[in-house]
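>>> No sequence on hand, only this structure:
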């Protein structure tokens, strides 16, 4: 009986992590699209604040996947060797994408004194490709967590 309760708690925890990740992901894509709709730059003063909000949300989302999901796997699901093995294999790609997101955030967060948008379109394009790759990896990992 105790084993079933423990397994049920682990399952609920996995469902919580996955649901939270998907909510964050949706919010990131929503703001990403909002920024895309503001381009090409037309003197819109809101761009800087939207980019800042996006940068902060991006870091929250990246952190949740990079640290939260991995931490969950290591602490709550060590018996799930296939998910853990997959997580270990994709970790280098996750790390590369995390670094890319942090770099974007560092460049475009509102706290920066010199705010230049010369490369914004290109930087958004690269970030979008990285996020799409990450989401594919996350989907597979989340599927493994839930089954």
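Arrived safely. Computed from a predicted model, the values in this text were never measured in an experiment. Numbering: from 1, shown residues only.
>>> tell me what the longest helix seen in the chain is packed against?
Ranked by residue count, the top helix of the chain under DSSP state H comes out as helix 2-38. With contacts taken as 3 or more C-beta pairs under 8 Å, 6 or more residues apart in numbering; DSSP states H and E, helix 2-38 sits against helix 46-63, helix 70-76, helix 120-146. (C-beta placed from N, C-alpha, C; glycine too.)
>>> Compare those and say which comes out lowest on pLDDT.
Lowest mean pLDDT of these: helix 70-76, a mean of 72.
>>> Give me the residues contacting that one.
With C-beta atoms under 8 Å, 6 or more residues apart in numbering as the test, helix 70-76 has contacts from 10, 13, 14, 17, 80, 83, 84, 87, 91, 94, 145.
>>> Next, format these as CSV and append distance to residue 53 and neighbour count.
Converted to CSV, those look like this (distance: C-beta to C-beta, whole Å; neighbours: other C-beta atoms under 10 Å):
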residue, distance to residue 53, neighbour count
10, 34, 17
13, 29, 15
14, 29, 22
17, 24, 21
80, 35, 17
83, 32, 23
84, 34, 17
87, 30, 22
91, 29, 13
94, 24, 20
145, 29, 25
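>>> Distance to residue 66 added to those, as a markdown table?
Converted to a markdown table, those look like this (distance: C-beta to C-beta, whole Å):
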| residue | distance to residue 66 |
| --- | --- |
| 10 | 21 |
| 13 | 18 |
| 14 | 17 |
| 17 | 12 |
| 80 | 19 |
| 83 | 16 |
| 84 | 16 |
| 87 | 11 |
| 91 | 9 |
| 94 | 6 |
| 145 | 15 |
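>>> one step back: tell me the angle the longest helix of the chain makes with helix 120-146.
In terms of direction (axes from the mean of the first three to the mean of the last three C-alpha atoms, to 10 degrees), helix 2-38 departs from helix 120-146 by 160 degrees.
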